[in-house]
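Student: structure for this input, please:
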Amino acid sequence: MSTTFPPQTRTPETEADYRKRIAQMVEKVRKRHGLGPGTRPTERQMSDHFTALKPTVKKATWRQYEAAIIYWIETTGEWQDEVLYDLLSDRAKAKLQAASALPRGTNRTSAAKEKKISKEDFDALLGALRRPSNVANRGVLANLMIAQISLGLRPIEWFGVTFPKGEHSPLLQVRSAKTTNGRGNGETRDIHLDHLSAEANSAILETAKWANTFATKEAFQKAIKSLSKLLTDTCKRVFEGRNFKICFYTLRHQFIANAKKTLAEDEGSTALQTLAALCGHATTRTAAKHYAKAQGAWAHRDRTRTANPAPHQVATVRITPNEERNLVRLARWRV
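Tutor: Now for the predicted structure:
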């Protein structure tokens, strides 16, 4: 049963108190990081501050901070950070939902997307795309599907990908999306392709070449939209009679499900950070909680080893504070 809340009845004095409390916290973080006058801390710096603060204060005191945080998110739209959101109580999260002020990455639109595709269905789509036809861009879509299931990039991230050491080098550099306000794990990320199959590497190279034929991001987005329609039409034809719709983000979800299982088997305790770095996430929590479960991974025979992120980028991933929860997640991934 969902919780409903009456309209907010904050007094002007209460709102002024919230603004004062937030201003004090912002100033404290600004000074701690040596930021100049007028320079605002990033969302990452603020969420790190509150993560460290919460265990040191009494519950009643934390509720006051929590109320101020909710007010700030509702009124400014700032602090759209999932680590900070994870610190809030269920009641506080429900209030944000009721106010349609959910932080980015937690909105309910993602629930409408398919979050997995079986190997059999994936192969059926590829087979349909590879059959002779006069429909344009079927080969482009087939390559993109293989590249997506191999790397799990956000679709827009294919625009501007490069091979810094040449096309025949197993190093791909990606310009990460969602990096504003400290949300991502750096402006770019380096992905080593050494362990991927020849088919995957070929598809990645061809997709990169195709993506780099577009002069502007707008033109590339238009092309992706066209491919998305082709994917939808192919699904309708291949899976006639089934209510089954996938999109490019379905392939990102399936990549993450496969990677969770593979990394847990191959790397153990470092799997969380490696996965976050591959996906361009700032924290270990995002992929672990908001993407497809490891139980939806393909069978071992159908999964190849994952690509490898650069070690320095793995090192910058923020680990979810609850270590016990992390260990439980890893144990589930291995099952």
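
Student: ranges for the helices of the stretch 101-250 of the chain?
Tutor: 119-130, 138-151, 198-211, 217-238, 248-266 (DSSP state H, counting those that start in this stretch).

Student: so how far is Arg175 from Ile204?
Tutor: Distance, Ile204 to Arg175, using CB to CB, to the nearest Å: 15 Å. Using the backbone N, CA and C atoms, a C-beta is placed for each residue, glycine as well.

Student: quick one: which of these two has more around it?
Tutor: Ile204 (27 against 16; other CB atoms under 10 Å).

Student: and the more buried one, how far from Leu196?
Tutor: Ile204 sits 7 Å away from Leu196, going by CB to CB.

Student: again with Glu120
Tutor: Taking CB to CB, one finds Glu120 at 21 Å from Leu196.

Student: buried residues in the one helix or strand Ala23 maps to?
Tutor: Secondary structure assignment for Ala23, by DSSP states H and E: helix 12-32. For helix 12-32, the neighbour count (16 or more other CB atoms under 10 Å) marks 17-18, 21-22, 25-26, 29-30 as buried.

Student: for that helix, what is the distance to the chain centroid?
Tutor: Offset of helix 12-32 from its chain centre (CA atoms, centre = their mean, to the nearest Å): 30 Å.

Student: quick one: the helix or strand following it to helix 12-32, angle?
Tutor: Counting by DSSP H and E, the next helix or strand C-terminal to helix 12-32 is helix 43-53. What separates the directions of helix 43-53 and helix 12-32 is an angle of 100 degrees, with axes from the mean of the first three to the mean of the last three CA atoms, to 10 degrees.

Student: contacting residues around Asn143?
Tutor: 202-203, 206-207, 210 (CB atoms under 8 Å, 6 or more residues apart in numbering).

Student: need the contact partners of the helix holding Ala23.
Tutor: Against helix 12-32 from outside (CB under 8 Å, 6+ apart): 10, 39-41, 45-46, 49-50, 64-65, 67-69, 71-72.

Student: what do you get if the cut-off is 6 Å, keeping everything else the same?
Tutor: 41, 45-46, 49, 68, 71-72 (CB atoms under 6 Å, 6 or more residues apart in numbering).

Student: convert that helix to CSV, retaining C-alpha atoms only.
Tutor: Written as CSV, here are the backbone C-alpha positions of helix 12-32 (Å, rounded to 0.1, in the frame of the first residue of the first chain):
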residue,chain,number,x,y,z
PRO,A,12,8.5,30.6,6.5
GLU,A,13,10.6,30.3,9.7
THR,A,14,11.1,26.5,9.1
GLU,A,15,12.1,27.1,5.5
ALA,A,16,14.6,29.8,6.6
ASP,A,17,16.0,27.4,9.1
TYR,A,18,16.5,24.7,6.4
ARG,A,19,18.2,27.2,4.1
LYS,A,20,20.5,28.3,7.0
ARG,A,21,21.4,24.7,7.9
ILE,A,22,22.2,23.9,4.2
ALA,A,23,24.2,27.0,3.8
GLN,A,24,26.3,26.1,6.9
MET,A,25,27.0,22.6,5.4
VAL,A,26,27.9,24.0,2.0
GLU,A,27,30.3,26.5,3.6
LYS,A,28,31.9,23.7,5.7
VAL,A,29,32.4,21.5,2.7
ARG,A,30,33.7,24.4,0.6
LYS,A,31,36.4,25.2,3.2
ARG,A,32,37.3,21.6,3.6
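
Student: just name the shakiest helix or strand of the protein by mean pLDDT.
Tutor: Counting by mean pLDDT, DSSP states H and E, the chain has its least confident helix or strand at helix 323-334, which shows a mean of 61.

Student: from Leu275, how far off is Lys289?
Tutor: Here Lys289 is placed at a distance of 12 Å from Leu275 (CB to CB).

Student: the two: which is more packed in?
Tutor: It is Leu275, of Lys289 and Leu275, that has more neighbours when counted by other CB under 10 Å, with 29 against 15.

Student: so what's the more buried one up against?
Tutor: 259, 263, 287.

Student: number of residues surrounding the closest residue to the second one other than its chain neighbours?
Tutor: Closest residue in space to Leu263, ignoring its immediate chain neighbours: Ala271 at 3.8 Å, by CB to CB, 6 or more residues apart in numbering. Burial of Ala271 is recorded as 26 neighbouring residues (other CB under 10 Å).

Student: all good on my end, thank you.
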